[in-house]
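Asks: Next one to model:
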Amino acid sequence: MPKAPTLRLQDLPARWARFCLGIQSFAAQELGCDFTSQSCLVGVSGGADSTALLLITTLLCRMNGGSIHVVHLNHGLRTDAQDDQSFVLELCISLGIECHSESADVSGLAAQNGMGLEEAGRAARYELFERERRRVGAAVVLVAHQLNDLAEDQLMRLTRGSGWPALGGMVGFDEHRRLLRPLLLTPRTELEAFLSQTGCTWRIDESNWDRTATRNRVRHDLLPLFQAENPAYLDAAARLWRQARVDEAHWDTLVQKASKHLVYEADCIFLPAELLESSTCALRQRLYVSALERLGPGQALSESVFLLDGLWRIAASGKRVQFPGDKEARVSKSGIRFRVIDRKKECG
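Replies: As a prediction, the model looks like this:
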């Protein structure tokens, strides 16, 4: 059974007590969610990051009156996955925390839905997290993404051609899903040092070295090249994330204000010419994306957004641009009309 670590913040050396309090401060002040006094559901795989998250959450919640539940998903992809599951269950017993664990056929889900293993595993985890959050009545779900993960995410977005401010990386607090990442600006090395200080071990997932997965290639091949060029690259990734959040809040405010002028018709959304003519190019493009998102799933590709704005600027009345999710935008003298294409009607 894993060794039960120090359970009181005041029993930690001063450096590590400040470390834990710094994570609380980041969540409360920058992410707007002081989880330490709330009911928390913590996703724990048994790896270093999630194990450290569980211990830090335990220390802070027990000091501030919060409560903790743990959830673990066995993906069934490795022969030692059962050992990970046993490790998490035993650690929770040593901490006196309730743990809910399930197994999933992630490989089968991937084949059934035509997606990669990583994507299928992520979908299975978050489906379980939300279901368990509702069952236990947790206010927030904590996951263990940390600064190295953020830097990898930024590089993956860069290679996919993401625009700004999406290039800043994953959000720290997803209010819609009640998903919190309190370790997002904490380096992996600090988390491992913290665990060593407490005397707590963790599990090592050998599949993290499988370079057939994009994230693993970014982690082991691409990110080290950036760090070799700039040893403080992780600090730069944190600054990029902060700048993106500032800009995102700015644009969200402008889009929300401008969106009051959108016209909702029976089966479409109309952006009037007066609104488009009074908006900058940057705001117009964000309004296009906002309208498309309101019509349902399907990520708007930047090339199509640029094309649409170009057609508007040259007054190409009657021209159409199609977007993922069976959506299209049609330019007219009076504005741009966005709608979902009814394929049955289109086919006669």
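
Asks: where's residue 212 relative to residue 31, distance?
Replies: Spatial separation of residue 212 from residue 31 under the definition C-beta to C-beta, to the nearest Å is 33 Å. For the C-beta atoms, the positions are set from N, CA and C on the backbone; glycine is no exception.

Asks: Tell me which of these two has more neighbours.
Replies: Between residue 212 and residue 31, counting by other C-beta atoms under 10 Å, residue 31 is the more crowded of the two (20 against 9).

Asks: Now do the phi/psi pair for that one.
Replies: The main-chain torsion angles of residue 31 are listed as degrees, to the nearest 10 and equal phi -100, psi -10.

Asks: okay, now residue 122: neighbour count?
Replies: Other residues lying near residue 122 total 13 when counted by other C-beta under 10 Å.

Asks: same question, residue 176
Replies: Burial of residue 176, expressed as a neighbour count using other C-beta under 10 Å, amounts to 6.

Asks: for it, helix, strand, or coil?
Replies: coil (DSSP: H, G, I helix; E, B strand; the rest coil).

Asks: Kindly report the same for residue 270.
Replies: Here residue 270 is strand, with the state taken from three-state DSSP.

Asks: Spatially, and excluding backbone neighbours, which residue is closest to it.
Replies: Spatial nearest neighbour of residue 270, chain neighbours left out: residue 263 (4.1 Å); criterion: C-beta to C-beta, 6 or more residues apart in numbering.

Asks: isn't that neighbour right up against residue 274?
Replies: No - Residue 263 is not in contact with residue 274 according to C-beta atoms under 8 Å; the separation is 10.9 Å.

Asks: Residue 97 and residue 301, how far apart?
Replies: If you go by C-beta to C-beta, the gap between residue 97 and residue 301 works out to 44 Å.

Asks: The two: which is more packed in?
Replies: For residue 97 against residue 301, the residue with the higher neighbour count under other C-beta under 10 Å is residue 97, and the figures read 18 against 12.

Asks: tally of neighbours for residue 313?
Replies: Applying the criterion other C-beta under 10 Å, we find 12 residues in the vicinity of residue 313.

Asks: where's it relative to residue 259, distance?
Replies: The separation that residue 313 has from residue 259, given C-beta to C-beta, amounts to 21 Å.

Asks: still on that earlier bit, ok now do the residue nearest to residue 270, which residues does it touch?
Replies: Neighbour list for residue 263: 269, 270, 271, 272 [criterion: C-beta atoms under 8 Å, 6 or more residues apart in numbering].

Asks: What does the pLDDT read for it?
Replies: You'll see residue 263 listed with a pLDDT of 93.

Asks: Check residue 296 too.
Replies: We have a pLDDT of 89 for residue 296.

Asks: How about residue 344?
Replies: In this model, residue 344 is scored at 56, pLDDT.

Asks: Same check on residue 348?
Replies: Per-residue pLDDT puts residue 348 at 43.

Asks: Can you show me the helices along the stretch 201-348 of the chain?
Replies: Here the stretch 201-348 of the chain has its helices, by DSSP state H, counting those that start in this stretch, at 214-217, 223-229, 233-258, 273-277, 281-294, 302-313, 343-346.

Asks: helices and strands around the second one, which ones?
Replies: Under the contact criterion of 3 or more C-beta pairs under 8 Å, 6 or more residues apart in numbering; DSSP states H and E, the helices and strands touching helix 223-229 comprise helix 147-160, helix 233-258.

Asks: Need the winner for burial among those helices.
Replies: Of all the helices and strands packed on helix 223-229, helix 147-160 has the most neighbours on average by mean count of other C-beta atoms under 10 Å, namely a mean of 19.

Asks: now the angle from it to helix 233-258?
Replies: Relative orientation of helix 147-160 and helix 233-258, computed by axes from the mean of the first three to the mean of the last three C-alpha atoms, to 10 degrees: 60 degrees.

Asks: From the contact counts, what lies against helix 147-160?
Replies: Helix 147-160 makes packing contacts with helix 214-217, helix 223-229, helix 233-258 when contacts are defined by 3+ C-beta pairs under 8 Å, 6+ apart.

Asks: pLDDT weak spots in the chain?
Replies: 1-6, 343-348 (pLDDT under 70).

Asks: partner strands of the biggest strand by length in it, parallel or antiparallel?
Replies: Scanning the chain for the longest strand, with DSSP state E as the assignment, gives strand 67-74. In the sheet, strand 67-74 lines up against strand 39-43 (parallel), strand 98-103 (parallel) (DSSP bridges).

Asks: how distant is the first one from the center of its chain?
Replies: Mean C-alpha position of strand 39-43 versus that of the full chain (C-alpha atoms, centre = their mean, to the nearest Å) differs by 16 Å.

Asks: Name the surrounding residues that touch it.
Replies: The contact list for strand 39-43, computed with C-beta under 8 Å, 6+ apart, reads 50, 53-54, 57, 61, 66-73, 125, 129, 132-133, 136-144.

Asks: Any of those residues buried? List them.
Replies: Among the contacts of strand 39-43, the ones that count as buried by 16 or more other C-beta atoms under 10 Å are 50, 53-54, 57, 61, 66-73, 125, 129, 132-133, 138-144.

Asks: Tell me how far the most centrally placed residue in the chain lies from residue 22.
Replies: With distances taken as C-alpha atoms, centre = their mean, the chain has residue 170 as the residue nearest its mean C-alpha position (4.4 Å). Using C-beta to C-beta, we find residue 170 at a distance of 20 Å from residue 22.
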